[in-house]
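K.L.:
sequence and predicted structure below; questions after.
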Amino acid sequence: MAKTPAVASPEILPPLRNRTRLGRRLFDDENLDLLAHVLDDWFRIPGTSIRFGIDGIIGLVPGLGDILAGLASCVIVVAAWFRGVPYVTLTRMVVNLAIDVLIGSIPLLGDAFDIAWKANRRNYALLSRHLAEPHRHTWKDAVFLGMILLVLAAIFALPGLVLWWIVARLLHGY
């Protein structure tokens, strides 16, 4: 009997363009929703409706905890930017995150605020709203940005007003 040579069949691989990249998988809705859930409301205090996440726990470490939680929260904002969310919405998301980190850095009171504020849930809701209705901005967006601009203007104007008041007092001899 004569042996027939084995015919090699080529290995078929999927084309590179069909493979999902890490960035696409990381920024999927399911993963971002899970991240917001883990950071903001993964645990529940038994017998209550109070939920908290890793953000509230690592926020107990003074200073460093809130910074680390803020960095983890940046994933949702970066994902929104990659997915084409408009700058108005991105600004709202960054302000939600800044409020969470700044007030959250206050010992104990800030941790209670973190549990109530749930910035990651808010930011994921903003991202989801934009993806569902891409070109729709509500009046709340405009009012929110207007209020942020007013607060920033007050913050920057306050030192100048205090300095002017001190100089006026010194010049008039009071």
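P.N.:
Good, I have the coordinates. Keep in mind that what you see is a predicted model, and the values were worked out from it rather than measured.

K.L.:
list the buried residues of the strand or helix carrying residue 143.
P.N.:
Per DSSP states H and E, residue 143 falls inside helix 139-172. Across helix 139-172, burial judged by 16 or more other C-beta atoms under 10 Å covers 141, 144-145. For glycine as for every other residue, the C-beta is placed from the backbone atoms N, C-alpha and C.

K.L.:
same check, this time on stretch 90-99
P.N.:
By neighbour count with 16+ other C-beta under 10 Å, stretch 90-99 contains the buried residues 90, 92-97.

K.L.:
closest one to residue 162 out of the residues you listed, please.
P.N.:
residue 95 (25.0 Å; C-beta to C-beta).

K.L.:
so how far is the helix holding residue 143 from its chain's centroid?
P.N.:
Centre-to-centre, helix 139-172 and its host chain are 27 Å apart (C-alpha atoms, centre = their mean, to the nearest Å).

K.L.:
show me what it is packed up against.
P.N.:
Under the contact definition 3 or more C-beta pairs under 8 Å, 6 or more residues apart in numbering; DSSP states H and E, helix 139-172 sits against helix 87-104.

K.L.:
and the helix it packs on with helix 139-172, angle?
P.N.:
60 degrees (axes from the mean of the first three to the mean of the last three C-alpha atoms, to 10 degrees).

K.L.:
residues in contact with the helix or strand just after helix 87-104?
P.N.:
Following helix 87-104 in sequence order, the next helix or strand is helix 109-117 (DSSP H and E). For helix 109-117, contacts defined as C-beta atoms under 8 Å, 6 or more residues apart in numbering pick out 50-52, 55-56, 59-60, 66, 69, 96, 99-100, 103-104, 106.
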